[in-house]
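J.: Any chance you can model this:
(one chain, ligands or ions: 1)
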Amino acid sequence: MQKKLAHNGDCMGKKIFFITSNAHKFSEAQKLLKKCGISIKRKNLHLEEVRAQECSEVAKACAIEAYKRIRKPLFVEDSGLFIKSLNGFPGVYSASVLQKIGLRGILALLKGKRRDAEFICAICYVDNSKLVQICKRCKGKISKMPSGRKGFGYDPIFVPQGGKLTFAQDEKTKAELSHRTAALKALCARLAKR
Ligand code: ITT
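T.: Here you go, the predicted model:
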């Protein structure tokens, strides 16, 4: 990649693009990254996601494609819900599965099955001198019924480990320990390193 930055710390205080079509993901990231002095701008490049088994592969391929197009510091985040008894389904297909069968469809598939699940968030950051990959998880269980009005996506059916409320009922807990929070904190730490 062209022209080197003087040092990696140069990312701090600069505007970074978060390439996403999802306003909820952007809003969560904006709040958290602001706390560590990173301001972000949303850009939707309508990237086509590659077929892959892992969020980190999807994030990396999209970030490289996005960098080719805009040549500005940016990150892409690919996330999803992985349910153990469904062999990781919906996983990397989380967005389209939610559109097609909804939360009720997922709950129907889980009748009589174990409900352990995890959210995964993979981030790939690219600028003119480096590519940073981060992948974090948040373990929990799928509830019996959707509950709560906060958050987005699968939040109404996801109860984090040790908790009783879904992420959609308790956004404070989500902000503290979600997969996205963990990944963004790790991104801040990596970008702050010289
Ligand atoms: P971009 O790819 O454009 O960023 P997207 O919504 O398509 O937006 P993903 O491909 O990463 O994002 O799909 C992730 C889906 O997984 C998302 O649409 C939600 O349905 C679900 N998801 C991810 N993180 C979540 C969270 O924190 N809470 C609830 N659902 C989440």
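J.: Check what pLDDT the residue in the chain positioned nearest to the ligand gets.
T.: With distances taken as Cβ to the nearest ligand atom, the chain approaches the ligand most closely at Gly153, which sits 2.5 Å away. For glycine as for every other residue, the C-beta is placed from the backbone atoms N, C-alpha and C. In the predicted model, Gly153 carries a pLDDT score of 98.
J.: Verify the contact between it and Pro90 for me.
T.: No - under the criterion of Cβ atoms under 8 Å, Gly153 is not in contact with Pro90, lying 10.4 Å apart.
J.: Need the residues touching each of those two.
T.: Between them, Gly153 and Pro90 share these contacting residues under Cβ atoms under 8 Å, 6 or more residues apart in numbering: Leu81, Leu98.
J.: how about stretch 32-39, does it reach the ligand?
T.: No - on the criterion Cβ under 6 Å from any ligand atom, stretch 32-39 is out of touch with the ligand, staying 12.1 Å away.
J.: phi, psi of Ala168?
T.: Listed backbone geometry of Ala168 is phi -70, psi -20, with angles given as degrees, to the nearest 10.
J.: doesn't Ser27 fall inside a strand?
T.: No - the secondary structure assignment for Ser27 gives helix rather than a strand, going by DSSP: H, G, I helix; E, B strand; the rest coil.
J.: From the opening residue of stretch 32-44 to its closing one, how far?
T.: 20 Å (Cα to Cα, to the nearest Å).
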